[in-house]
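Colleague: This is the structure alone, sequence omitted:
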């Protein structure tokens, strides 16, 4: 990248940069190119059929049962075709060795499919010949991953695989030594069963991720990406720092349909970065704004860089719950980024683009109204749909399809009344901002697939795969017909001929979707080796002990250590692979050490924690691929762009620490009214935090004001921290009175018990905090039995016998040795105490904020007049 750090790349070079990262730099011509395109198209068709409701009637059962193997076979073969193995490898043709590697890799990926009967006869285990074929399959998987993902992912997988084989060696430290595995056992685990390469991660890639990536590719091919960018510029481009604000909103919208931060940077940055530079942003700052907003697209539901679907499997909650928990942090993070841009513009007194005079409040209100109206439309759809289903239970599907088609045709008719949207030239002498009132109707029909997707996900509660199928199926129709219908409504003579253009767009979109999936398919497969190693060797417990040793048992230090590890791993891994690896190694560690520290951390909060830090690797030098892409667009220095983007992303770094300790931010166990209050307060909190880190609120901060703003932000995000010091949240109950307190407690309330006893592996005494929700049963004995507690009083000790296997308590206490000399006992019990509402802390925090605003307004009146533009 050193040769391009200070030179803007051409449009063709930028597209090659995206292709090299996301879809492969090699595009041979002629028959070979047509063959590769056909294979990619076949992959998309297979995945669409697999997700369709008619899959059991169209596809043979053995294809459905072995869909993971087929998925990986396509990915390995296309990797050999699309990604050169060496820097000197040809880009316009495919060498013979790549043909051999691609075909052999696809065959070995399908080994379990071809030799299914033989493997079943062996009890699902590999014999000697199977083991060698599996080893060859792993090697070819590593080669494919090296092509697409780079060396770090392969090196990490090889290290874990070496630990499987040589974990018993004397060179391995005693703390992590294990018995080791034979070649047959290891290969059975990694390649033959569903514990390794063909595990949960590859299954999620097969079932869910492909359809969403394809959905995004088709929506972009239809023209939605350009429409979103135009709308964002029309709404925000005239404000001070408007191009940067539009870049943030445009990238957020693009992030809804794109799982790639690099593609997002180039797609929106090609237009936004030159305009940002024109109004006064330096090349590095312009690139940094685009990087920060594009990378944040991966934390924005519904796709979240494929992590949302993995969380469904790993956490064991529904997809709707995952995106509900992820929604608020993502939204306020984008709000903060818009505010960062605004402060940069105000600090530097940047000019506006165009001569349009508007009211800032009206602009914000209008944007909020649009998003609120769109959300309301998605929600309200259920009522007419429900009425039609109740009136016509047999033919409701056909009626709804006809009505949806009628709405689509009407919206296309509306779009045909305006000219098609063409990408603007950001380097033109005079930049005319789009007029939202004129262009909004030209792309309203792009919202229909998104409404269908949201409806099936949130209202019907269908699976993500089926929801994406119906939304993608609608996109098929849009791509095929939009140009023909527009030509017809405009009275053009080539209306029928435009149908061919629609077919070409559809085929190209499906090919693009398949090529975009190569990296994700290989990343989830290769990461499966790390997951398989954890399940085979039990190294997860060793990691917990190691992290506890490094952090000294301090929860904050432990979280910082996990964050740094996530960041380091992410520098060499794509987001999806990084999330799989770090969550496999670290999530259980955070939960266990949190319990030992007295903090009950919900599993989803920990998964989001490691995911947030994983995506920051796309920003941070020395790897920071998104930063390099932005520098290639802006002509700025890549390293400085990366560090500036990291500074702009500080709110993304701070938020995970906040929601670990305050799960209200993830909307866990909150009512609608509480959720609204949390959103308002969290928004104020993130804006205050941004003002502190940018050293500018209404004017430049004094040192004490920055400190005070940080304190206010902390109080708004963690009011419980201060309230707990005013009034303790729990009252202590003697362990001997646990049964009595449990019998008297209100059903649904919670007792916090600290269980002490010898660790199952080390026999060292440890403490674990176990929250006990009081069951709805009569009497202490019935409640103890319902919970699984078996208490054996011995003198002053409330000794516990081992709970029943499979119960919730049994899982929570599985790390204890109940048969050691030292007893497992109830060390302490805490019951929730009457406490004032923690929200009272907001009052002094907001009063202090008002004081700072008043003091700064007295110093900043001239600046405020310019800031409203």
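Modeller: Here it is on my side, so go on. Predicted model, so just to flag it, every value in this text is computed and none were measured. Residues are numbered from 1 along each chain as shown.

Colleague: what's the following helix or strand after the helix or strand hosting residue 229?
Modeller: Assigned by DSSP states H and E, residue 229 belongs to helix 224-236. For helix 224-236, the following helix or strand on the C-terminal side (DSSP H and E) is helix 242-255.

Colleague: Any stretches of the stretch 351-500 of the chain with poor pLDDT?
Modeller: 354-364, 424-431 (pLDDT under 70).

Colleague: pLDDT at the residue nearest the centre of the chain, what is it?
Modeller: The geometric centre of the chain, computed from its C-alpha atoms, lies nearest to residue 304 (Cα atoms, centre = their mean), at 3.0 Å. The model reports residue 304 with a pLDDT of 70.

Colleague: Next up, the contacts around it.
Modeller: Neighbour list for residue 304: 298, 323, 326, 611 [criterion: Cβ atoms under 8 Å, 6 or more residues apart in numbering]. C-beta: built from backbone N, CA, C; applies to glycine.

Colleague: returning to that earlier point: so which elements touch the helix holding residue 229?
Modeller: If contacts are counted by 3 or more Cβ pairs under 8 Å, 6 or more residues apart in numbering; DSSP states H and E, helix 224-236 sits against helix 242-255, helix 261-278, helix 360-380, helix 436-439.

Colleague: Pick the most deeply packed of those helices.
Modeller: When you average the neighbours per residue for each of the helices and strands packed on helix 224-236 (mean count of other Cβ atoms under 10 Å), helix 242-255 leads with a mean of 29.

Colleague: picking up where we left off before, not counting its own residues, what contacts the helix holding residue 229?
Modeller: With Cβ under 8 Å, 6+ apart, helix 224-236 has contacts from 219, 242-243, 245-247, 249-250, 253-254, 257-258, 267-268, 271-272, 363, 366-367, 421, 423-424, 433-436, 439-440, 442-443, 446.

Colleague: coming back round to it: adding distance to residue 470, write the helices and strands packed on helix 224-236 out as TSV.
Modeller: Shown next, in TSV, are the helices and strands packed on helix 224-236 (distance: least, Cβ to Cβ, whole Å):
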stretch	distance to residue 470
helix 242-255	21
helix 261-278	25
helix 360-380	14
helix 436-439	28
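
Colleague: Return the set of buried residues in stretch 700-717.
Modeller: Neighbour-count burial for stretch 700-717 flags 701, 705-706, 708-709, 712-717 (criterion: 16 or more other Cβ atoms under 10 Å).

Colleague: In helices only, show me those residues.
Modeller: Within those, residues falling in helices by DSSP state H are 705-706, 708-709, 712-717.

Colleague: can you list those in JSON lines and add pLDDT and distance to residue 505?
Modeller: Below are those laid out as JSON lines (pLDDT from 0 to 100; distance: Cβ to Cβ, whole Å):
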{"residue": "705", "pLDDT": "95", "distance to residue 505": "54"}
{"residue": "706", "pLDDT": "95", "distance to residue 505": "52"}
{"residue": "708", "pLDDT": "96", "distance to residue 505": "55"}
{"residue": "709", "pLDDT": "96", "distance to residue 505": "50"}
{"residue": "712", "pLDDT": "97", "distance to residue 505": "51"}
{"residue": "713", "pLDDT": "96", "distance to residue 505": "47"}
{"residue": "714", "pLDDT": "95", "distance to residue 505": "51"}
{"residue": "715", "pLDDT": "95", "distance to residue 505": "53"}
{"residue": "716", "pLDDT": "95", "distance to residue 505": "48"}
{"residue": "717", "pLDDT": "94", "distance to residue 505": "46"}
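
Colleague: and which of these is nearest to residue 677?
Modeller: Of all these, residue 677 sits closest to residue 716, with 11.1 Å by Cβ to Cβ.

Colleague: contacting residues around that closest one?
Modeller: 681-682, 684-685, 688, 842, 845.

Colleague: and with 10 Å instead?
Modeller: Residues near residue 716 by Cβ atoms under 10 Å, 6 or more residues apart in numbering: 658, 662, 680-689, 841-842, 845-846, 849.

Colleague: Can you flag which of those residues belong to helices?
Modeller: Members of these lying in helices (criterion: DSSP H): 658, 680-689, 842, 845-846, 849.

Colleague: Looking at the ones in helices among the buried residues of stretch 700-717, which is nearest residue 788?
Modeller: Of all these, residue 717 has the smallest distance to residue 788: 35.9 Å, by Cβ to Cβ.

Colleague: quick one on the thing from earlier: just give me the closest of the contacts of residue 304 to residue 121.
Modeller: Using Cβ to Cβ, these come closest to residue 121 at residue 611, 41.4 Å.

Colleague: Beyond the strand or helix carrying the closest one, next helix or strand please.
Modeller: Element membership for residue 611, per DSSP H and E: helix 603-615. As assigned by DSSP H and E, the chain's next helix or strand after helix 603-615 is helix 625-634.

Colleague: now the stretch 751-869 of the chain, which segments are flagged as low pLDDT?
Modeller: The model of the stretch 751-869 of the chain has pLDDT under 70 over residues 861-869.

Colleague: Check the average confidence over stretch 92-103, would you?
Modeller: For stretch 92-103, mean pLDDT rounds to 93.

Colleague: right, I mislabeled it, should have said stretch 512-521
Modeller: Stretch 512-521 comes out at a mean pLDDT of 88.

Colleague: and residue 352, which of the three is it?
Modeller: coil (DSSP: H, G, I helix; E, B strand; the rest coil).

Colleague: so how many other residues sit close to it?
Modeller: 19 (other Cβ atoms under 10 Å).

Colleague: again, but for residue 546
Modeller: By other Cβ under 10 Å, 16 other residues sit near residue 546.

Colleague: for residue 568, same thing?
Modeller: Neighbour tally, residue 568, other Cβ under 10 Å: 17.

Colleague: okay but residue 683 is in contact with residue 331, surely?
Modeller: Yes: with contact defined as Cβ atoms under 10 Å, residue 683 counts as touching residue 331 (8.2 Å).

Colleague: List the buried residues in the longest helix anywhere in the chain.
Modeller: What stands out as the longest helix in the chain, according to DSSP H, is helix 498-537. Neighbour-count burial for helix 498-537, counted by 16+ other Cβ under 10 Å, picks out 498-499, 501-502, 505-534, 536-537.

Colleague: same thing with stretch 135-146?
Modeller: 135-138, 140-146.

Colleague: can you tell me which of those are in helices?
Modeller: With DSSP H as the criterion, helices contain 135-138, 140-146 from among the buried residues of stretch 135-146.

Colleague: thinking again about what came up before, give me the buried entries from the ones in helices among the contacts of residue 716.
Modeller: By neighbour count, with 16+ other Cβ under 10 Å, the ones in helices among the contacts of residue 716 hold 658, 681-689, 842, 845-846, 849 as buried.

Colleague: Which one of those is nearest to residue 764?
Modeller: Nearest member of these to residue 764, counting by Cβ to Cβ, is residue 658, at 32.6 Å.

Colleague: Leaving out the residues flanking it, which one is nearest to the closest one?
Modeller: With Cβ to Cβ, 6 or more residues apart in numbering as the criterion, residue 658 has its nearest non-adjacent residue at 4.7 Å, and that residue is residue 717.

Colleague: wait, what's in contact with that neighbour?
Modeller: Residue 717 neighbours (Cβ under 10 Å, 6+ apart): 654-655, 657-659, 661-662, 664-665, 681-682, 684-686, 688-689, 845.

Colleague: what about residue 94, which SS state?
Modeller: coil.

Colleague: how about residue 757, secondary structure?
Modeller: Assignment for residue 757 (three-state DSSP): strand.

Colleague: which residues sit in contact with the residue nearest to it when sequence neighbours are not counted?
Modeller: By the measure of Cβ to Cβ, 6+ apart, the closest residue to residue 757 outside its immediate chain neighbours is residue 824, 3.2 Å from it. Contacts for residue 824 (Cβ under 10 Å, 6+ apart) come out as 755-758, 765, 768, 798-802, 813, 816-818.
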